[in-house]
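Undergrad: Any chance you could fold what I've pasted below:
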Amino acid sequence: MVPVARKTRPRGSAIGASAMNEPLVLLPGMMCDARLFWPQLMEFGATRAVMFAPVTGASTVGALAAQFLEAAPGRFALLGHEMGGVVALEILRRAPERVTRLALVATSAQPETPQAAADREPQIVAVRAGRLTSLMRDKIGPACLALGPNRGEILNLVVDMAEALGPDCFIAQSRAMQRRPDQQKTLRTARVPTLVLCGAEDVITPVKRQAFLAELVPYAELRVIDGAGHLPTLEQPQATNEALQDWLESPLILR
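TA: Model prediction:
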């Protein structure tokens, strides 16, 4: 793990970390279910309310954020992985007063590039043709993971999660990601303790891009997890949980 020093907060801008034990909400990445966060659910569920919120049921980021806010607690700590991070940023934009702290794992705040959006089209065609499992096992899944002894087991889990969610979910989530909004302004105006966390070997959202994202936020810390790719919550759960524990215990910001 390679931590980057936290930015200095203005004097008098924080309150103690123990001032509240807010619920923790977990939003998963594309084609992932609650099993993406199993180590975190086990670790943090013993000491605080933890809520898993699927990013399904709509094909735009705005609609996903709106349906989440209808069911969410009044105030909450928000952790989003990849697509879940994209939705988390829209939640923060719409209801900043409800988000007490923010963690973004392998997330982009920028809109999809035309090339990346076009690259999703053959994937959608393959899924419509019944090739979801082979797509996840041969292309998407392996690209997510660093080399390591648990790589095969985690790849099987990635495939299982995708099969459980199904082709319609893949298509809807792909459309949402293609049309995702630019959230750089949202991050520049964020006034909550923010953790940007990524795997050192993530080729989908590489460290350089995550460092740029962290620089946008006034109160952000970047944590890079060694031995992990795009799924650090599963690849290196202990190091990920340590970073998340530090984030949850960090002082809250007075708005």
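Undergrad: and Ala228, what does it touch?
TA: Ala146, Gly199, Ala200, Glu201, Asp202, Glu235, Gln236, Ala239, Thr240 (CB atoms under 8 Å, 6 or more residues apart in numbering). (C-beta placed from N, C-alpha, C; glycine too.)
Undergrad: Look up the pLDDT of it for me, please.
TA: Confidence at Ala228, expressed as pLDDT, is 98.
Undergrad: Would you verify that it is located in a helix?
TA: No: with DSSP: H, G, I helix; E, B strand; the rest coil as the criterion, Ala228 is coil rather than part of a helix.
Undergrad: 59 is where my numbering starts, stick with that
TA: Taking 59 as the first residue, the last one we looked at is Ala286.
Undergrad: Once you drop chain neighbours, what's closest to it?
TA: Leaving aside its sequence neighbours, Ala286 sits nearest to Gly257 (CB to CB, 6 or more residues apart in numbering; 3.2 Å).
Undergrad: what comes up buried for stretch 117-129?
TA: Ser117, Thr118, Val119, Gly120, Leu122, Ala123, Gln125, Phe126 (16 or more other CB atoms under 10 Å).
Undergrad: average pLDDT for it?
TA: 98.
Undergrad: what does stretch 133-145 give?
TA: 98.
Undergrad: what ranges do the strands span in the stretch 109-258 of the chain?
TA: Using DSSP state E, counting those that start in this stretch, the strands of the stretch 109-258 of the chain run over 134-139, 157-163, 252-257.
Undergrad: Would you mind giving the buried residues of stretch 117-129 as JSON lines with distance to Pro239 added?
TA: As requested, the buried residues of stretch 117-129 are exported to JSON lines (distance: CB to CB, whole Å):
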{"residue": "Ser117", "distance to Pro239": "14"}
{"residue": "Thr118", "distance to Pro239": "9"}
{"residue": "Val119", "distance to Pro239": "6"}
{"residue": "Gly120", "distance to Pro239": "8"}
{"residue": "Leu122", "distance to Pro239": "12"}
{"residue": "Ala123", "distance to Pro239": "10"}
{"residue": "Gln125", "distance to Pro239": "17"}
{"residue": "Phe126", "distance to Pro239": "16"}
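Undergrad: which other helices and strands contact the helix or strand harbouring Gln98?
TA: Taking DSSP states H and E as the criterion, Gln98 maps to helix 96-102. In terms of contacts (3 or more CB pairs under 8 Å, 6 or more residues apart in numbering; DSSP states H and E), helix 96-102 is packed against strand 82-85, strand 108-110, helix 290-293, helix 295-307.
Undergrad: partners of the first one in the sheet?
TA: Applying DSSP bridges, strand 82-85 is found paired with strand 108-110 (parallel), strand 134-139 (parallel).
Undergrad: which one of the ones you listed is the most hemmed in?
TA: Most buried of the strands paired with strand 82-85 by mean neighbour count (mean count of other CB atoms under 10 Å) is strand 134-139; its value is a mean of 26.
Undergrad: chain center to it: distance?
TA: 7 Å (CA atoms, centre = their mean, to the nearest Å).
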